[in-house]
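Asks: Predicted model and sequence follow; I will ask about them next.
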Amino acid sequence: MAPHIHADLIQGTDEWLAARCGLLTASEMSLIVTPTLKAAKNEKERAHLYELLAQRLTRYVEPRYISDDMLRGHQDELVALALYDQHYAETERTGFITNDKWGFTIGYSPDALVGAEGLVEAKSRRQKYQVETFVVNVFENTIPAEFMLQIQTGLLVSERKWCDLISYSAGLPMAVIRTYPDPTTQSAIVSAAEAFEERLQDAASRYRDAVASSKAVPTQRRAEEQEMVL
């Protein structure tokens, strides 16, 4: 199956949340794959499994706190993309990409597409990390480790040939680092995702059996929560 580009979706909207509901996505891949490319087996991985299972069962995404840093980061990323458009290449915004060629679906929300082959990921950084990025990553032409799994998953899902990471911190030069698909990393991502999906399906079966056998009493959400139901 080819990647499915959901071009009509706008990131952050209810429709975008509905498309992502219950899916393993690029931005959360670090919860199930360790920095050494092993399948994670820890509390964060288990919590994410039950979060996605709950979303699949209820079609409901619980609201998350949006901090001042997150709001600032969103504005910074818009500025960074505008600068990229001006100085590097014209981009196209799209909300979501999915791919289910593995027998299950992985999702990815790119910051932008470039032509038919490229992606852009824009990151707002504190100044100490921006300086470090130039000293270490720009100098060595490497991607900061904290973004590697997200970008490689994005390349895997989109099946595109390269991704430009934009590292932006107001008052400092903007860094743009290009990276390409890495078969070793992508193989580890697929292997961990397959195992994660199997555990999720097993947990879903156990949940349904437990609910049926315990004669659990159903409940309803409060009226003020209904707007979050997808």
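Replies: Everything's here; your move. Numbers count the residues shown, from 1 in each chain.

Asks: How about the contacts made by Glu194?
Replies: By Cβ atoms under 8 Å, 6 or more residues apart in numbering, the residues touching Glu194 are 102, 104. In this view, the C-beta of every residue, glycine as well, is placed from N, C-alpha and C.

Asks: quick one: pLDDT of it?
Replies: The confidence metric pLDDT takes the value 97 at Glu194.

Asks: Name the nearest residue to the one residue sitting closest to the centre of the chain, ignoring sequence neighbours.
Replies: Here the mean C-alpha position of the chain is nearest to the C-alpha of Ser27 (Cα atoms, centre = their mean), at a distance of 2.2 Å. Spatial nearest neighbour of Ser27, excluding adjacent residues (Cβ to Cβ, 6 or more residues apart in numbering): Gln150 at 5.6 Å.

Asks: In terms of helices and strands, where is that neighbour?
Replies: If you go by DSSP states H and E, Gln150 is part of helix 145-158.

Asks: Check which residues of that helix are buried.
Replies: For helix 145-158, the neighbour count (16 or more other Cβ atoms under 10 Å) marks 147-158 as buried.

Asks: What of stretch 120-135?
Replies: By neighbour count with 16+ other Cβ under 10 Å, stretch 120-135 contains the buried residues 120-125, 130, 133.

Asks: Now do the SS call for Phe196.
Replies: Following DSSP: H, G, I helix; E, B strand; the rest coil, we place Phe196 in the helix state.

Asks: check contacts around it.
Replies: Residues in contact with Phe196 (Cβ under 8 Å, 6+ apart) are 24, 32, 39, 45, 49.
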